[in-house]
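Novice: sequence and predicted model, in that order:
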Amino acid sequence: MIETDFIPDTLNLDKDHGIVQYTSPSNIALIKYWGKLENQIPANPSISFTLNACSTTTKIEYVKLGKKASDFSFDLYFEGLPKEEFKPKITTFFKRIITYMPFLLEYRLSIHTSNTFPHSSGIASSASGMSALALCLMEMERSFTKNMTDDYFDRKASFLSRLGSGSACRSINGPLVQWGKSNFIESSSDLYGIPFPYDVHPIFNNFHDTILLVDKGEKQVSSTVGHDLMHGHPFAANRFKQADDNLGKIIGVLESGNIKEFINIVESEALTLHAMMMTSNPYFILMKPNTLSIINAIWEFRETSKTHVCFTLDAGANVHVLYPENEKDKVFSFIKEKLVPFCQNGQYICDQIGQGAKKK
Ligand code: PMV
């Protein structure tokens, strides 16, 4: 599909009010997206586990305006309270998607949103937040059209989410979503995420992700700035190729259940992401001393316990600890005893691989 396929032909805007609501999860990338072209087109393909516990619920109440407005008309409530600070980001998003959602100027929206994870926990809410919003808008569009297929609904929801925040396009479905054109997956696209189309070994069923909150402060460098620093980065071309090669490798690993190779790819991807940050100009470091202490403790425990626990990182200091269901008791005891002391105020979130967004 191409961009113009997402411009609706005919919409019936007779409906003068309604309510739509979605819960959408966060996701954690195994192969990382870092670097983009114009219009949120990724510089390399990525793949992620969809999460379950970390999610955003968004409700939109919409009322038809007397006549088409020249600007967007909406109120925003975060966890029950008006949140003016979030409005510019939403306005930017609406501007980016107006060609695909022309009805946005015909309705006044009241947007109510809340997260399951604690505010300012250092967990990025852009993936769950932008996808929940995009899904609500798609639900509005569905009510203005006849016979929209579920495939089109999901694809366009992912397409719109991408325009809000790149990685958000991987939150619509589960349990594994791939985004970005690659010769390894014929149906892959730069425009939207697709459910991973190949077989997945049962070792990855109910895979766990315990998120250790190492540093809950504001990031010194936003991901927008970080992506930009990949332009002219001395290692960019090799990195983009490596991500694609790793996608090719992980396809076989997900199918065969070769967990040792899985660990190797996932940890290398996490460290490479941070290596790109450390070798950009200006350079920056998002890991904290406790991030490194946790990584070292995981390596030591993996060696001595013969379990298959590993880590990955987002663009921040927090550590995602990944492990299979059949090792959960052993690994979780280790996490509580040895890793939680490195968390800020002892805080962590128990999450697991999930199935994607849900209509409420
Ligand atoms: O979606 P963005 O623009 O915030 O970028 C997120 C990038 C990483 O989380 C670091 C990696 C990824 O693929 O999710």
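Specialist: Perfect, I can see it now.
Novice: next one: the residue of the chain positioned farthest from its centre from Asn12, what distance?
Specialist: Distance from the C-alpha centroid of the chain, by Cα atoms, centre = their mean, peaks at Gly66 (36.9 Å). Gly66 sits 18 Å away from Asn12, going by Cβ to Cβ, to the nearest Å. (Each C-beta comes from the backbone N, C-alpha and C, glycine too.)
Novice: what do you get for Leu313?
Specialist: Counting by Cβ to Cβ, the gap from Leu313 to Asn12 is 47 Å.
Novice: neighbour-wise, which of the two wins?
Specialist: Legend: neighbour count by other Cβ atoms under 10 Å for Leu313 and Asn12, higher for Leu313 (24 against 10).
Novice: chain neighbours aside, what residue packs nearest to the more buried one?
Specialist: Nearest-residue entry for Leu313: Ala270, 4.3 Å, with adjacent residues in sequence omitted and distances by Cβ to Cβ, 6 or more residues apart in numbering.
Novice: hmm, the lengthiest strand in the chain in reach of the ligand?
Specialist: For the chain, the strand reaching the highest residue count under DSSP state E is reported as strand 46-64. Yes. Applying Cβ under 6 Å from any ligand atom, one finds strand 46-64 in contact with the ligand at Ser46.
Novice: beyond the lowest-mean-pLDDT helix or strand in the chain, next helix or strand please.
Specialist: Lowest on mean pLDDT, DSSP states H and E among the helices and strands of the chain sits helix 223-228, with a mean of 94. Reading on from helix 223-228 to the C-terminus, the next helix or strand found by DSSP states H and E is helix 236-256.
Novice: any part of the least confident helix or strand of the chain near the ligand?
Specialist: Yes. Helix 223-228 reaches the ligand (Cβ under 6 Å from any ligand atom) through Ser223, His227.
Novice: now do the buried residues in that helix.
Specialist: The neighbour-count check on helix 223-228 (16 or more other Cβ atoms under 10 Å) flags Ser223, Gly226, His227 as buried.
Novice: contact partners for the second one?
Specialist: Which is Gly226. Trp34, Met277, Ser280, Phe284, Ala315 (Cβ atoms under 8 Å, 6 or more residues apart in numbering).
Novice: by neighbours, which of these wins?
Specialist: Trp34 (28 neighbours).
Novice: wait, a strand at that residue?
Specialist: No. Using DSSP: H, G, I helix; E, B strand; the rest coil, the assignment for Trp34 is coil, not a strand.
Novice: quick one: the strands in the stretch 251-360 of the chain?
Specialist: For the stretch 251-360 of the chain, applying DSSP state E, counting those that start in this stretch gives strands covering 310-313, 319-323, 348-352, 358-359.
Novice: what's the closest of these to the ligand?
Specialist: strand 310-313 (8.1 Å; Cβ to the nearest ligand atom).
Novice: tell me which strands and helices the closest one is in contact with?
Specialist: strand 17-31, helix 259-278, helix 289-305, strand 319-323 (3 or more Cβ pairs under 8 Å, 6 or more residues apart in numbering; DSSP states H and E).
Novice: the chain against the ligand: which residues are in contact?
Specialist: 29, 32-34, 46, 126, 165-167, 223, 227, 273, 314-315.
Novice: quick one: buried residues of stretch 150-159?
Specialist: Tyr152, Phe153, Asp154, Arg155, Lys156, Ala157, Ser158, Phe159.
Novice: list of residues touching the helix or strand containing Arg108?
Specialist: Applying DSSP H and E as the criterion places Arg108 in strand 107-115. By Cβ under 8 Å, 6+ apart, the surrounding residues in contact with strand 107-115 are 54-65, 72-80, 90, 125, 128-129, 132-133, 136, 140.
Novice: now whichever helix or strand comes after that strand: mean pLDDT?
Specialist: Per DSSP H and E, strand 107-115 leads on to helix 126-144 as the next helix or strand towards the C-terminus. In this model, helix 126-144 has an average pLDDT of 97.
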